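J.: the following comprises the amino acid sequence and a computationally predicted model.
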Amino acid sequence: MTASRAPRTSRPLHPLRPSCSPRCSQHLRGFLMLLLLHSWVVDACDPPAYISMKPNVSKMNFDPGDTIFFTCKLGYKPIRSPLLMSSVCQPDNTWTPLKEGCTKKSCQHPGEPSNGQVVLVDESLLFGSKIQYSCNEGFRLVGKKSLYCEISSSDSNKVVWSDDPPLCTKILCQPPGKIANGRYTDSHKDEFEYNEVVTYSCDNSQGTDEYSLIGENKLICSGDGEWSSNPPECKVVRCPFPEPENGKLVLGFSRKYYYKARIEFECLSGFYHKGPNFAVCGSNSTWEPEMPMCLKGSPKPSDETPPSDTSGKGYIVVIVLSVFAGLVVIVIIVFIVYRQKKKGKSDVRVEYSACQDKSATTTE
């Protein structure tokens with residue numbers, strides 16, 4: 001007969017040692033490591049930041065008593081001895097005071113371009129500054145308009161302009177287009193300068209009708225090296241003889257009607273015209289607008305020709321009359337004042353004469 005095993009009782013917990021699982025112990029160790037790291041960071045100096053300088057080491061933290069040396073960033077140069085460009089981490093985790101020890105490098109002045117100007121946009125030639133170019137009238141810019149002072153791609157210790165200076169070249173136009181039945185002045189030239197003008201004209205026609213020049217007869221070499229308009233055209237333009245039905249011509253009588261010929265007409269008694277009472281010979285040998293129509297009867301209100309505006313003339317007449325009336329009034333006032341002054345002088349003479357006579361009598 002075997003003896004019975006006494007029941008297991010749980011081990012009492014140590015009053016100063018809390019129960020913790022292995023996973024809990026791992027978290028606890030990590031927390032302690034963070035505390036140690038925090039205390040180490042708190043007791044360290046972070047490297048100071050400057051605009052023109054950078055530390056010559058890649059450390060992130062420094063202990064009290066450590067010295068950090070600085071060098072100039074790219075595009076900058078030292079303004080004091082490198083020995084003075086250092087700082088010491090103090091026990092209170094601050095650095096000894098240090099001012100900016102570098103200044104921006106400068107690009108060389110590019111010089112004024114021929115037939116143009118350069119403008120210092122930032123009013124300096126220092127690293128990072130910008131300049132702009134412009135050309136005189138009659139010249140065009142070839143190249144970059146704006147340049148920047150930047151670090152040289154071949155030598156990081158130098159600063160240079162971002163590109164070569166542009167050029168200002170003379171604006172030239174190629175010869176304008178030739179036209180059939182016409183010509184232009186200076187047609188022997190291979191190129192034309194800025195603002196130069198050519199004039200087109202039509203040849204003499206070999207037929208019974210002359211050529212008309214359709215379009216601009218003068219072309220100008222403009223600022224973009226192009227002509228101001230397309231070449232004109234020389235062709236025969238002849239409109240049919242105008243015979244308005246129920247109407248008659250009152251202006252523009254001719255045997256032939258060529259380009260831009262103008263006519264006016266009026267309707268016969270008992271008819272009224274619809275639309276304008278004139279027409280012009282267009283480039284397609286047709287009247288523009290179409291030949292007016294004379295309709296029988298009285299015009300409707302919408303068909304009546306609006307009365308001419310005479311208000312402007314009326315205002316002019318009123319102004320002229322007002323000015324004339326004002327002048328008349330001024331003349332009358334001047335005349336009255338003059339008469340009064342003259343009368344006053346006459347009275348003085350009479351009174352003075354009377355006094356003289358009285359004085360003479362008394363003396364006698």
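T.: That came in fine, so what should we check first?
J.: quick one: what helix or strand has the residue nearest the centre of the chain in it?
T.: By Cα atoms, centre = their mean, the chain has its centre lying nearest to residue 134, at 14.8 Å. Using DSSP states H and E, residue 134 maps to strand 130-135.
J.: please apply the same query to residue 339.
T.: helix 311-363.
J.: residue 164 too?
T.: Here residue 164 is assigned to no helix or strand, by DSSP H and E.
J.: that one: neighbouring residues, count only.
T.: By other Cβ atoms under 10 Å, 10 other residues sit near residue 164. No exception for glycine: its C-beta is placed from N, CA and C like everyone else's.
J.: which ones are touching it?
T.: With contact set as Cβ atoms under 8 Å, 6 or more residues apart in numbering, residue 164 has these partners: residue 143.
J.: ok, now residue 287?
T.: With Cβ under 8 Å, 6+ apart, residue 287 has these contacts: 239, 240, 242, 263, 279, 280, 281.
J.: quick one: buried ones out of these?
T.: Buried members of those, counted by 16 or more other Cβ atoms under 10 Å: 239, 242, 263, 279, 281.
J.: residue 80 touches residue 103, doesn't it?
T.: No. Between residue 80 and residue 103 there is no contact under Cβ atoms under 8 Å: 10.0 Å.
J.: and stretch 279-288, end to end?
T.: 5 Å (Cα to Cα, to the nearest Å).
J.: now that stretch: mean pLDDT?
T.: Average pLDDT, stretch 279-288: 93.
J.: also stretch 253-270?
T.: So the average pLDDT for stretch 253-270 ends up being 92.
J.: what of stretch 52-69?
T.: Mean predicted confidence for stretch 52-69 is 88.
J.: can you show me the CA trace of that stretch as CSV?
T.: The C-alpha trace of stretch 52-69 is given here as CSV (Å, rounded to 0.1, in the frame of the first residue of the first chain):
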residue,chain,number,x,y,z
SER,A,52,26.8,78.7,-44.1
MET,A,53,28.7,76.0,-42.1
LYS,A,54,28.4,72.2,-41.5
PRO,A,55,30.2,69.9,-39.0
ASN,A,56,33.3,68.1,-40.4
VAL,A,57,32.1,64.8,-38.7
SER,A,58,29.0,62.8,-39.1
LYS,A,59,28.3,62.2,-35.3
MET,A,60,24.8,62.9,-34.1
ASN,A,61,25.7,63.5,-30.4
PHE,A,62,28.6,64.9,-28.5
ASP,A,63,29.5,64.6,-24.8
PRO,A,64,30.4,67.5,-22.6
GLY,A,65,34.0,68.5,-23.4
ASP,A,66,33.9,67.4,-27.0
THR,A,67,34.9,69.9,-29.7
ILE,A,68,33.3,70.2,-33.1
PHE,A,69,34.9,71.8,-36.0
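J.: perfect, that will be all.
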